[in-house]
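Undergrad: Provided below are the primary sequence and the corresponding predicted coordinates.
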Amino acid sequence: MQPTPEKYVLRRSSARRESFRIDYRGELNAAQYEAVVNSEGPFLVVAGAGTGKTRTLVYRVARLIESGIEPTSILLLTFTRKAAGEMLRRASLLLDGRCDRVAGGTFHSFANTTLRRFGRNVGLESNFTILDRGDAEDVLNLLRADRGLDRKERRFPRKQTIGDIISAGINRNTPLGALLESDYPHLLDHEEDLLALASAYATYKQDRQLVDYDDLLLKLRQLLAENQATRQHLSSVHRYMMVDEYQDTNLLQADIVRLLASEHQNIMAVGDDAQSIYSFRGANFRNIMDFPNLFPGTRIIVLEENYRSTQPVLDVTNAIIAGARERHTKHLFSKRSDGPSPLVIPTPTEALQSRFVCQRILELREEGTPLSDIAVLFRSSFHAFDLELELTRYELPFVKRGGFKFIETAHVKDALAHLRVINNPQDTVSWLRILLLLDGVGPRASEEIMRWIKSGPDVAQRLEAFPRRRFTLALQALAGLLRRVHQQREPEAQLEEILRYYEPLLKQAHADDYPKRRKDLDQLLTIAARYHTLEALLVDMALEPPTDSVGEVLATSPDEGLLTLSTIHSAKGLEWQAVFIIWAAEGRFPSTYSMRDDDIEEERRLMYVAATRAKRELYVSYPIHIFERGVGLVMGKPSRFIESLAPELLRPLTIVEESDDWTG
DNA sequence: ATAGTGGTAGTTTTT
DNA sequence: CTACCACTAT
């Protein structure tokens, strides 16, 4: 063991300290200030909802740069890339354009760029392909069939379940056997097959330069753990690290953080245990409390003054979280005491719930709240279907975030598959998609063709030379396409070639709804036009696919901003003047699928996240009569999270329909 | 080996 | 409602 030399830190002279352009002391409260001006060593900032967490991070970035630190040596890991971009944009406004040069993004996007550069050390070429969840399931399905597991007497779990299990094992750092015992005891019979399948899956990907979401993190950790030189290099490059939303990171991500900070320990984690809502991705709200164990000597800063919401709103959110089984760490308070009482609105039916929301939004707009400052939040994407129709009738323009992803529709995946094999000819997942589109080609023939093209360098040439006459015409057309695409430089032009080839196939397969699908492809073309390399396009489609879908009335009123409809998960970190939470009914929220103890606790935190999005007005509604498919009309019960709240906190509002006759 | 049909079970949240 | 399975006809 080498003795580590003791360090003596030279402080910046006070003359230098006076020269900061930003008045940090004046613009931040004491706790925020402490988090902003301390740059050396590990910090944990426990920041309640609306306590200026983002503000703190933004000012800290500015402060670091103003202190003379190279922007590129700062790494800001956030939950979405959008969040990182937003923060850096704000920092740039605050200070100057240097802030744009800060490295920022999600764990996954950071892993992606790092592995493209240094992945060779863990067996990855720079052109690896990222599999999304659907692709991963396709592979699992294939392997399951190969092993005859689909034909067993005792039914083997569905591909989605298999994917869940394998992914959970990785993200929770738990061996499959233990995981089955604790979470899937009914599948213990299949333990051996599942283990074999998991390892076959890993080999399959490794052999073809395929990487799923979990692999991005797994390989990055492996790289950092096994390759000392790379770890030291990366750690020295990223001398100042910040991790946002730490409560939603998992053990694998914690490992990565620990390794990345190994050279300097300059790491600030920011989060709120009460807002941990991603356990299905392996996050555990206790992880954030483990941070000081990961980094001995961690200083903890707690932000408790809420700047977002009025006290009446906070009283409700505090009451919601007070019902949690485990105590959380903070009690929020606000200086904004004025404001209307939050309301709970039982509506006779779902249709009336939608009408109530629309009508109240119209009133809010007349009272001067722009649509862009109003949001409707829900547990699950489909809860908003009825409301979407009603909003269209009321001509209220909206964006919907979360839920449906056009990237996952079959036709978009088909088109992208053609681009993907250009980038990585070993991408058999995409080859399979492409080949199955051809007339008379099924799984067997695809398999044969893929084997055939693998054994030669020029794919197009091999396709044309495939010996079975039956497929010659189709394969020649495909080969021609590949050649034309290769001649194009811009992703947009490449995609145009592909669509010219793919359109007839699409028309044939989906004669009925062809126009609708064609519109999605036009959308894809518009997106592709924003990119100048194929790789960048494909990476973004995998890691940050477009999730906003815009309501149809958009065209009529582009200027006045859009109302936001959002799942609560996608609303994380955002805020609005007025927030509606719909479908706050037992069975929907909490969802029927989340009735186990741990799950219920997370559902409660989810309700907390939803309610804390509101600055001033909060409306919680649920239908009394619910039409349940297959069952008929049932009585809706208010969500347990709001039912127990005192009427002084959450004032009940009764819906009365205007009667038709005016006689009386 | 593939394509088409008919019946049935499952139906959240996201990188 | 749709994705998935089993089955049948080509």
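TA: That came through fine. Since the model is a prediction, treat every value here as computed from it, not as a measurement. Numbers count the residues shown, from 1 in each chain, chains lettered A, B, ... in the order given.
Undergrad: quick check: residues of the stretch 1-150 of chain A near DNA strand B?
TA: Taking Cβ under 7 Å from any atom of the strand, the part of the stretch 1-150 of chain A that reaches DNA strand B is made up of A:79-80, A:106-109, A:132-133. C-beta coordinates here come from the backbone N, C-alpha and C atoms, glycine included.
Undergrad: now the buried members of those.
TA: Neighbour-count burial (16 or more other Cβ atoms under 10 Å) applied to those gives A:79-80, A:106-109, A:132.
Undergrad: can you put the residues you listed in a markdown table and add secondary structure and pLDDT?
TA: A markdown table is the format used below for those (DSSP: H, G, I helix; E, B strand; the rest coil; pLDDT from 0 to 100):
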| residue | secondary structure | pLDDT |
| --- | --- | --- |
| A:79 | coil | 84 |
| A:80 | coil | 84 |
| A:106 | coil | 93 |
| A:107 | helix | 95 |
| A:108 | helix | 95 |
| A:109 | helix | 94 |
| A:132 | coil | 90 |
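Undergrad: nearest to DNA strand C, of the residues you listed?
TA: Of all those, residue A:132 has the smallest distance to DNA strand C: 13.7 Å, by Cβ to the nearest atom of the strand.
Undergrad: I'd say that closest one and residue A:540 touch.
TA: No. Using Cβ atoms under 8 Å, residue A:132 makes no contact with residue A:540, being 11.9 Å away.
Undergrad: just checking, what's the longest strand in chain A?
TA: In chain A, with assignment by DSSP state E, the single longest strand is strand A:614-623.
Undergrad: list the strands paired with the helix or strand that it is followed by, with their directions.
TA: As assigned by DSSP states H and E, the chain's next helix or strand after strand A:614-623 is strand A:625-628. Strand A:625-628 has its sheet partners listed here by DSSP bridges as strand A:632-635 (antiparallel).
Undergrad: not counting the strand it pairs with itself, show me its contacts.
TA: By Cβ atoms under 8 Å, 6 or more residues apart in numbering, the surrounding residues in contact with strand A:632-635 are A:624-628.
Undergrad: and stretch A:233-252 with DNA strand B, contact?
TA: No. Using Cβ under 7 Å from any atom of the strand, stretch A:233-252 never reaches DNA strand B; the gap is at least 9.7 Å.
Undergrad: show me what counts as buried in that stretch.
TA: In stretch A:233-252, counting by 16+ other Cβ under 10 Å, buried: A:234-235, A:238-252.
Undergrad: kindly report the same for stretch A:168-179.
TA: Quick answer for stretch A:168-179 (16+ other Cβ under 10 Å): A:168-172, A:174, A:176, A:179.
Undergrad: and for stretch A:441-455?
TA: By 16+ other Cβ under 10 Å, the buried positions in stretch A:441-455 come out as A:441, A:445-447, A:449, A:452-453.
Undergrad: compute the first-to-last residue distance for stretch A:294-309.
TA: Criterion Cα to Cα, to the nearest Å; first-to-last residue distance in stretch A:294-309 is 34 Å.
Undergrad: thinking again about what came up before, most surrounded residue in the contacts of strand A:632-635?
TA: residue A:626 (20 neighbours; other Cβ atoms under 10 Å).
Undergrad: that one and residue A:350 touch, don't they?
TA: Yes. Taking contacts as Cβ under 8 Å, residue A:626 lies within contact range of residue A:350: 7.0 Å.
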